[in-house]
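A.B. asks: below are the sequence and a predicted model; questions follow.
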Amino acid sequence: MPHWTLITGASEGLGVEFARIAAREGRNVILTARSQDKLAVLSDELRSAGVDVVVIPADLNDMAEVERLWSEASAGRVIDMLVNNAGLGRNGPFASDKDNGADWAREFSSMQVNMSALTRLMKLAIPHMTAAGGGRIMNVSSTAAFLPGPNMAVYHATKAFVLSLSEAVAFELRGTGVTVSALCPGATQTNFFNEADMHGIRLLKFAPPARADKVAQTGWDGALRGKAVIVPGLLNKVFAFLPRISPRFMVVWVTSIFMSKS
């Protein structure tokens, strides 16, 4: 039975780069995202590399869609790599709720996609991979996971959840042949900044976004080695380490400055 890689959020950004890496390595790929048109274009590109591609459009904000995705993806296939890449966020004060609840709708979707869908797919993938003799799960977290984020409070909280969950489950799975990795990139050149209304925040002036292909390759290589936490780039490693030795109030204050718009 052929082995497959399932990638969520595969229509753009890191998801596209993960899919290209998988194809270069000769791996069959299952792509999912909301945009069927973008997935179709990517699938044609990957097939030209000589790999099999399955496209399953799904909205991971809907848990029924998450269940359907896994059911269709795993039917007659062994999925030995799961890349939980799909993610949402919103920049702005937590108390704001403009446009008749639009802010809350975005935040609720962020929690559903970033946490609930990711957790459910992990829960489904682990016994599947264990039965097949092993596998790799890569959860895309963020350097936001290491510190509270005023002006992106919900997003930072969801990524802290992803990091904590990944580390805990990675520990539980020692010796099973299944590994879990949390990729924690900093600012990356993707469409996330447009969708999260992050243009103009001070962070982007201090730390220009990294290339998505470089971040994806670092994450991929780390996941294949079974590394539990992957932080690409020296500056991001500093961002991840400093909150551990700094006073908590200072961490929150500095983060509020970086995540606000000038």
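C.D. replies: Looks like it arrived, so ask away.

A.B. asks: where does the stretch 151-262 of the chain dip in pLDDT?
C.D. replies: Screening the stretch 151-262 of the chain residue by residue with the criterion pLDDT under 70, one finds the ranges 190-207, 241-262.

A.B. asks: one more time with 50
C.D. replies: Within the stretch 151-262 of the chain, the segments meeting pLDDT under 50 span 196.

A.B. asks: in it, which spans are strands?
C.D. replies: 178-183, 229-230 (DSSP state E, counting those that start in this stretch).

A.B. asks: reformat those strands as a markdown table; add distance to residue 146 and mean neighbour count.
C.D. replies: (C-beta placed from N, C-alpha, C; glycine too.) Listed next are the strands of the stretch 151-262 of the chain as a markdown table, based on distance: least, Cβ to Cβ, whole Å; neighbours: other Cβ atoms under 10 Å:
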| stretch | distance to residue 146 | mean neighbour count |
| --- | --- | --- |
| strand 178-183 | 11 | 26 |
| strand 229-230 | 10 | 19 |
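
A.B. asks: make TSV from those and add distance to residue 156 to it.
C.D. replies: Listed next are those as TSV, based on distance: least, Cβ to Cβ, whole Å:
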stretch	distance to residue 156
strand 178-183	14
strand 229-230	16
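
A.B. asks: which stretch among those comes nearest residue 30?
C.D. replies: Among the strands of the stretch 151-262 of the chain, the nearest to residue 30 by Cβ to Cβ is strand 178-183 (18.0 Å).

A.B. asks: run the chain-centre distance for that closest one.
C.D. replies: Averaged C-alpha coordinates place strand 178-183 at 12 Å from its chain's average position (Cα atoms, centre = their mean, to the nearest Å).

A.B. asks: put the alpha carbons of that strand into PDB.
C.D. replies: Taking C-alpha atoms only, strand 178-183 is exported to PDB below (Å, rounded to 0.1, in the frame of the first residue of the first chain):
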ATOM      1  CA  VAL A 178       5.600   8.000  15.700                       C
ATOM      2  CA  THR A 179       7.100  11.400  16.300                       C
ATOM      3  CA  VAL A 180       5.500  14.800  16.800                       C
ATOM      4  CA  SER A 181       7.300  18.000  16.000                       C
ATOM      5  CA  ALA A 182       6.300  21.700  16.600                       C
ATOM      6  CA  LEU A 183       7.700  24.100  14.000                       C
END
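
A.B. asks: who's in contact with it?
C.D. replies: For strand 178-183, the surrounding residues in contact (Cβ atoms under 8 Å, 6 or more residues apart in numbering) are 122, 126, 129-130, 134-141, 145, 162-163, 166-167, 169-170, 173, 215, 218-219, 222-223, 226-230, 232.

A.B. asks: now stretch 52-65
C.D. replies: 2, 4, 8, 28-36, 39-40, 43, 46-47, 66, 68-69, 72-73, 86, 109, 112-113, 116-117, 120.

A.B. asks: give me the buried stretch members for stretch 101-114, please.
C.D. replies: Taking 16 or more other Cβ atoms under 10 Å as the basis for neighbour counts, the residues of stretch 101-114 that come out buried are 103, 106-107, 109-114.

A.B. asks: minimum pLDDT in those residues, which residue is that?
C.D. replies: The lowest pLDDT within these belongs to residue 103, which sits at 90.

A.B. asks: what's in contact with the strand or helix carrying that one?
C.D. replies: Applying DSSP states H and E as the criterion places residue 103 in helix 98-111. Taking contacts as Cβ under 8 Å, 6+ apart, the residues outside helix 98-111 that touch it are 61, 87-90, 92, 96-97, 154-155, 158.
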